[in-house]
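Colleague: The following block contains a protein sequence and its predicted model.
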Amino acid sequence: MKKLALHWKILIGMVLGVVFALIMTNFEWGGGFISDWIKPFGTIFINSLKLIAIPLILAALIKGVSDLKDISKLSKMGGRTIVMYLMTTVIAVSIGLALVNVFNPGKSITEDTRTELVEGYTDSTAKYKETAAMQKDSGPLQALVDLVPQNIFSASTSNRNMLQVIFFAVFFGIGLILIPEKKSKPVKDFFDGVNEVILKMVDLIMLAAPYGVFALLAALVVEAPNTDLFIALGKYAITVVAGLLVMIGVYMLIVMTFTKKKPSFFLKGISPAQLLAFSTSSSAATLPVTMERVTEHLGVEEEVASFVLPIGATINMDGTSLYQAVAAVFIAQAFGMDLTLSTQLGIIATATLASIGSAAVPGAGMVMLVGVLGYAGIPEAGLALIFAVDRPLDMCRTVVNVTGDATVSMVVAKSVDKLGEPKRKDWDDNYHKE
Ligand code: ASP
């Protein structure tokens, strides 16, 4: 497998993982074997990626911001990033709403299936509702308050606090721009070095990626709920997936229009990150790889990527917002409710906000969906309807979340003249030798 590009190796690992699990499920002890002896390797793989997320953000962002040399560049880039993120999210929700209104997947759910699903999954969804209720208790400006940590060391102890770490890193970077060069140089050099080390660690972890995804997918297959439910929810799942595919098409169009790069170039460069997003269901865990792919393979300069991508991983979730729109209307349809146009427009706003608020971890989109349902007056019990297929859809929407971040990083880089030629060739996946 020496010359094979990384995305092929990962893909082979994924397929073998699924096949292996399907074979093992024929044996009584097969499921237990995978849970006990295979799954832990998947967990170790994800943990090793998460392990470097916070140090990576700190080092890359501090270096990136201080490299900008003046603050007006930073605000220009910041403004464009936020506008692009908002725009892509609104496009995503609108696509979701359009498709769910055309396909009407909820109308084909029978009364019996609905009752069965709601009864079967009520316990599982209680946890999600609880988490959502906790988040709802806070005031309107809570998100802003949460942005500023009281203590950077305690903030950096949890990957959930990524925005706080970003805030600190940008603030620190600004400080660094404002002090005399003589003093700032050693600090910059230090973070520069740390950044290199971390990117090297990403390379090393990626050597294990094909095996990691093998373990992750094998574990998912043996833990998946029964397939009957998939069929009942098939139309809903197809609607979400169709929307996500359209969104990938939109990204390619955006990349082509704004950066004049070919879609095949873009997809080839980003595909290992997409496959990893699919296998881990977590934009945060994928972030180190997204950063590496975008800078080394798509030609985005580091000072842009290190700013745009960590922010995107936490606030830009186009796949999640699209899914929330489809899910909300699907549940309403299944309960026989007709949503008015103004409610649907409101769903665009709430799904956009909910996706910004979703953490970059598996299942987060479902927690925030509670808010969207609440806004539109749709019964929360409906969460139980979609629970069975949430994990596979989570995997797909995470791919879109990551692709969206990469797209915006290219566009922003182009707009500030920081999009160059990729440093590495396709087949050259393990470098950082220099
Ligand atoms: N798993 C998604 C992500 O990490 C969030 C979600 O939609 O649940 O991007």
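Modeller: Arrived safely, thanks for sending.
Colleague: Give me the distance between T352 and N316.
Modeller: 10 Å (CB to CB, to the nearest Å). Backbone N, C-alpha and C define where each C-beta goes, glycine included.
Colleague: Could you name every residue contacting both of these two?
Modeller: Common contact partners of T352 and N316 (CB atoms under 8 Å, 6 or more residues apart in numbering): T89.
Colleague: More neighbours: which of these two?
Modeller: N316 (30 against 22; other CB atoms under 10 Å).
Colleague: What sits closest to whichever residue of the stretch 251-400 of the chain sits closest to the ligand if chain neighbours are left out?
Modeller: Across the stretch 251-400 of the chain, no residue is closer to the ligand than G365, which sits at 2.6 Å (CB to the nearest ligand atom). Of all residues not flanking G365 in the chain, T320 sits nearest, at 4.0 Å (CB to CB, 6 or more residues apart in numbering).
Colleague: any idea of the pLDDT on that neighbour?
Modeller: Among the per-residue scores, T320 holds a pLDDT of 95.
Colleague: From the contact counts, what lies against the helix or strand hosting the residue of the stretch 251-400 of the chain closest to the ligand?
Modeller: Following DSSP states H and E, one finds G365 within helix 364-376. Judged by 3 or more CB pairs under 8 Å, 6 or more residues apart in numbering; DSSP states H and E, helix 364-376 is in contact with helix 111-136, helix 318-334, helix 341-357, helix 383-386, helix 390-415.
Colleague: Which residues does it contact?
Modeller: With CB under 8 Å, 6+ apart, helix 364-376 has contacts from 128-129, 131-133, 135-136, 317, 320, 323-325, 327-328, 331-332, 339, 343, 346-347, 350-351, 353-355, 357-358, 379-380, 382-383, 386-387, 390, 394, 397.
Colleague: So which of the residues you listed reach the ligand?
Modeller: Among the contacts of helix 364-376, proximity to the ligand is found for M317, T320, S358, D394, R397 (CB under 6 Å from any ligand atom).
Colleague: what does the stretch 151-300 of the chain put close to the ligand?
Modeller: By CB under 6 Å from any ligand atom, the residues of the stretch 151-300 of the chain that approach the ligand are S281, S282, S283.
Colleague: So the last one sits against T398, correct?
Modeller: Yes - with contact defined as CB atoms under 8 Å, S283 counts as touching T398 (5.9 Å).
Colleague: which neighbours do these two share?
Modeller: With CB under 8 Å, 6+ apart as the test, S283 and T398 both reach A277.
Colleague: In terms of secondary structure, what does the lengthiest helix in the chain contact?
Modeller: Ranked by residue count and defined by DSSP state H, the top helix of the chain is helix 71-103. Counting contacts by 3+ CB pairs under 8 Å, 6+ apart, helix 71-103 packs against helix 162-178, helix 234-259, helix 302-315, helix 318-334, helix 341-357, helix 390-415.
Colleague: can you rerun that using 10 Å?
Modeller: Other elements packing on helix 71-103 under the criterion 3 or more CB pairs under 10 Å, 6 or more residues apart in numbering; DSSP states H and E are helix 53-67, helix 162-178, helix 234-259, helix 302-315, helix 318-334, helix 341-357, helix 390-415.
Colleague: residue closest to the middle of the protein?
Modeller: Compute the mean C-alpha point of the chain, and by CA atoms, centre = their mean the closest residue is S283, 3.1 Å away.
Colleague: For that one, give me the pLDDT.
Modeller: 93.
Colleague: ok now do it, which residues does it touch?
Modeller: Neighbouring residues of S283 by CB atoms under 10 Å, 6 or more residues apart in numbering: 162, 273, 277, 290, 309, 312-314, 316-317, 319-320, 358-362, 364, 397-402, 404-405.
Colleague: Repeat the analysis, applying 8 Å as the threshold.
Modeller: Here S283 is in contact with A277, T290, A313, T314, M317, A360, T398, N401, V402, D405 (CB under 8 Å, 6+ apart).
Colleague: How about it, nearest residue that isn't a chain neighbour?
Modeller: The nearest residue in space to S283 (CB to CB, 6+ apart) is A360, at 3.8 Å.
Colleague: Ok, L419 next?
Modeller: A413 (4.1 Å).
Colleague: Quick check: residues of the stretch 301-434 of the chain near the ligand?
Modeller: 317, 320, 358, 360-365, 394, 397-398, 401.
Colleague: okay if I get those as TSV plus distance to A98 and neighbour count?
Modeller: TSV is the format used below for these (distance: CB to CB, whole Å; neighbours: other CB atoms under 10 Å):
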residue	distance to A98	neighbour count
M317	19	36
T320	17	32
S358	22	25
A360	26	29
V361	28	19
P362	27	19
G363	26	17
A364	24	25
G365	19	29
D394	22	21
R397	17	32
T398	22	31
N401	20	32
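Colleague: hmm, which helix or strand of this protein has the shakiest average pLDDT?
Modeller: helix 227-232 (a mean of 63; mean pLDDT, DSSP states H and E).
Colleague: before we move on, the earlier item: among the contacts of S283, which one lies nearest to V202?
Modeller: T290 (9.9 Å; CB to CB).
Colleague: For the residue of the chain most remote from its centre, give me its contacts.
Modeller: Most distant residue from the mean C-alpha position of the chain: K182, 39.3 Å away (CA atoms, centre = their mean). The contact partners of K182, by CB under 8 Å, 6+ apart, come to none.
Colleague: Quick check: which of the helices and strands packed on helix 364-376 is nearest to G269?
Modeller: Among these, helix 390-415 sits nearest to G269 (CB to CB), with 8.1 Å.
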